[in-house]
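**Q** here's a sequence, model it:
(2 chains)
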Amino acid sequence: MTTNTEVVPIGQSTAAPRSPFPSPRARRVERTVGITAAVGTALTVWLGLWITPPDTTKGNTVPGDLVRLVYIHPGVAWVALYLAFGLAAASSVLYLWPRTRSLFWDRLAAAAVEVGVVFNVCTLISGSIWGRPTWGVWWAWDARLTSTAVLLVLFLGYLALRRVPAEPEVRAKRCAFVALFASVDIPIVHFSVLWWNTLHQGATVLNPNLSPTIHGSMAWTLLLGFVALTLVFAWMLLVRYRIGVMEDWLGSGEMDVALTERRAEGVGDPGAPDRAAGGRAPRPVAPSPSPAPPDARTDGPAPTAAGGPTDGGVGAVPEAAR
Amino acid sequence: MNYVVAGYTIVLSILFLYAVQLVWRRRRLTRAVERVRAASAPDRADRSPGRP
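**A** This is a model prediction of the structure:
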């Protein structure tokens, strides 16, 4: 029998893990990352809005305070474009590679894409708000902006594809291909300011010479913003991954459970109404090569005397047959 | 400065709301998993000792 504290091994290739709950150590890590991310973000906001000086570059025609958006806009763009979607692409490659194929990578990619889409939306909104006083328009069909918007649409398509009903392995393979296809846009977004004449400024930190063109308190606050938003991403990724684990644990046997309940009602199984009232019954074991968790998946109620269908899965033998 | 405040407010609000939604989803799923495990516990007890 498993406990709530059982660890799900990384790389486990079962459709549903043995226990969907994280270990105490994983919970501590998650809590620590979350608190650090919150403190870092609050510090970035404080430094960015009140402590760092406005931009007083000679000849600057836009209000100097607008530079304060630099502490948040590149940070969310970094997380969305490079961390989240980069991680999704890497996870998809690892899923498609036969030697590392595991639904762990599929769940990780799904979590990274969902969080990345949120950060991508933040990138477009903060960029638009910055663009209005700087360029005079909320939106321009500029290469950087357009390629970033295309990236958002592509990964929204990825999330839509995940909702199409399919076997976990089939869904994982489809989504991995789509993630790789969408990831082609990441270098296009990055190099768009070099390849085309764009309204968007060139890279300030990750420029071709790798020499940041800002300095002092502004540079440190920018760095803190990057770190804080990276931690926010890490925390969201951990939580979202755990949600994916629990959804797989609950969801993959849902249809079988519903059919079993209907059949049990048909043969007058006295346990059926209780199960129907108490939520989902234990999931049956699907006839798949993956090992089954030892508790809720395999240990269903005893078979009916009539030898009818039970929740016991493939391991359950009708009483009449024994 | 209005644009700056608006940018910070909107971005942080989106991230905060998404974080709250994640926590809520996880809590809901945790309850569902616990219900399933609790529902299967009596059956396990029935079958574990002395049953073939």
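**Q** can you tell if the helix or strand A:Arg107 falls within touches chain B?
**A** Following DSSP states H and E, one finds A:Arg107 within helix A:103-135. Yes - with CB under 8 Å from any CB of the partner chain as the criterion, chain B is reached by helix A:103-135 at A:Val115, A:Val118, A:Val121, A:Cys122, A:Ile125, A:Ser126, A:Ile129, A:Trp130, A:Arg132, A:Pro133. Bear in mind the C-beta positions are built from the backbone N, C-alpha and C, glycine included.
**Q** so how far is B:Gly7 from the second one?
**A** Put plainly, it is A:Val118. Going from A:Val118 to B:Gly7 by CB to CB, to the nearest Å gives 16 Å.
**Q** give the closest residue to A:His199 in space, chain neighbours not counted.
**A** Actually, residue A:199 is Leu. It isn't His. Among residues not flanking A:Leu199 along the chain, A:Asp142 sits closest, at 4.6 Å (CB to CB, 6 or more residues apart in numbering or on different chains).
**Q** for A:Ala77, which non-adjacent residue is spatially closest?
**A** A:Thr123 (4.4 Å).
**Q** before we move on, what about A:Val113?
**A** Excluding its sequence neighbours, the residue lying closest to A:Val113 (CB to CB, 6+ apart) is A:Ala88, at 4.7 Å.
**Q** phi, psi of that neighbour?
**A** phi -60, psi -40 (degrees, to the nearest 10).
**Q** quick check, it in contact with A:Val115.
**A** No - using CB atoms under 8 Å, A:Ala88 makes no contact with A:Val115, being 9.5 Å away.
**Q** A:Pro53: what secondary structure?
**A** Three-state call for A:Pro53 (DSSP: H, G, I helix; E, B strand; the rest coil): coil.
**Q** and it, what is it in contact with?
**A** Counting by CB atoms under 8 Å, 6 or more residues apart in numbering or on different chains, A:Pro53 makes contact with A:Ser217, A:Met218.
**Q** got the phi/psi numbers for it?
**A** Main-chain torsions, A:Pro53, degrees, to the nearest 10: phi -80, psi 160.
**Q** returning to what we had before: buried ones from the residues of helix A:103-135 next to chain B, can you make that a PyMOL selection?
**A** Here is the PyMOL command that selects the buried residues among the residues of helix A:103-135 next to chain B (16 or more other CB atoms under 10 Å in any protein chain shown):
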select buried, chain A and resi 115+118+121+122+125+126+129+130+132
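**Q** any chance of the residues of helix A:103-135 next to chain B in a markdown table, with pLDDT too?
**A** Compiled in a markdown table, the residues of helix A:103-135 next to chain B are given as follows (pLDDT from 0 to 100):
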| residue | pLDDT |
| --- | --- |
| A:Val115 | 96 |
| A:Val118 | 96 |
| A:Val121 | 96 |
| A:Cys122 | 95 |
| A:Ile125 | 95 |
| A:Ser126 | 93 |
| A:Ile129 | 92 |
| A:Trp130 | 90 |
| A:Arg132 | 89 |
| A:Pro133 | 87 |
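**Q** and which of the residues of helix A:103-135 next to chain B is nearest to A:Glu167?
**A** A:Val115 (25.0 Å; CB to CB).
**Q** okay, now the closest residue to the closest one other than its chain neighbours: neighbour count?
**A** Nearest residue to A:Val115 in three dimensions, chain neighbours excluded: A:Met236, at 4.6 Å (CB to CB, 6+ apart). The tally of other residues near A:Met236 (other CB atoms under 10 Å in any protein chain shown) stands at 26.
**Q** what sits against A:Met236?
**A** By CB under 8 Å, 6+ apart, the contact set of A:Met236 is A:Val115, A:Val118, B:Tyr18, B:Ala19, B:Leu22.
**Q** now A:Pro196. Nearest residue, chain neighbours left out?
**A** You called it Pro, but residue A:196 is Trp. In space, A:Trp196 is closest to A:Ala143, 4.1 Å off (CB to CB, 6+ apart).
**Q** which parts of the stretch 51-200 of chain A sit against chain B?
**A** Counting by CB under 8 Å from any CB, the residues of the stretch 51-200 of chain A close to chain B are A:63, A:65-66, A:68-69, A:72-73, A:76, A:115, A:118, A:121-122, A:125-126, A:129-130, A:132-133.
**Q** and the closest residue to chain A within chain B, what helix or strand is that in?
**A** Nearest residue of chain B to chain A, counting by CB to the nearest CB: B:Ser40, 3.6 Å away. Per DSSP H and E, B:Ser40 falls inside helix B:2-47.
**Q** likewise for A:Gln201?
**A** Going by DSSP H and E, A:Gln201 is not in any helix or strand.
**Q** against A:Trp138, how distant is it?
**A** 17 Å.
**Q** now swap in A:Tyr241 and tell me
**A** 35 Å.
**Q** these two: who's more crowded?
**A** A:Tyr241 (20 against 11).
**Q** that one and A:Arg107 touch, don't they?
**A** Yes - taking CB under 8 Å as the contact criterion, A:Tyr241 and A:Arg107 are neighbours in contact, 5.9 Å apart.
**Q** burial count for B:Tyr3?
**A** For B:Tyr3, the count of nearby residues is 20 (other CB under 10 Å).
**Q** ok, now A:Val232?
**A** A:Val232, neighbours per other CB under 10 Å, totals 27.
**Q** same check, this time on A:Gly202
**A** 12.
**Q** could you find the closest non-adjacent residue to it?
**A** Using CB to CB, 6+ apart and skipping residues adjacent in sequence, the residue nearest A:Gly202 is A:Val193, 4.9 Å away.
**Q** before we move on, what about B:Met1?
**A** A:Asp65 (4.7 Å).
**Q** so the one you found, which of the three states?
**A** Of the three states, A:Asp65 takes helix under three-state DSSP.
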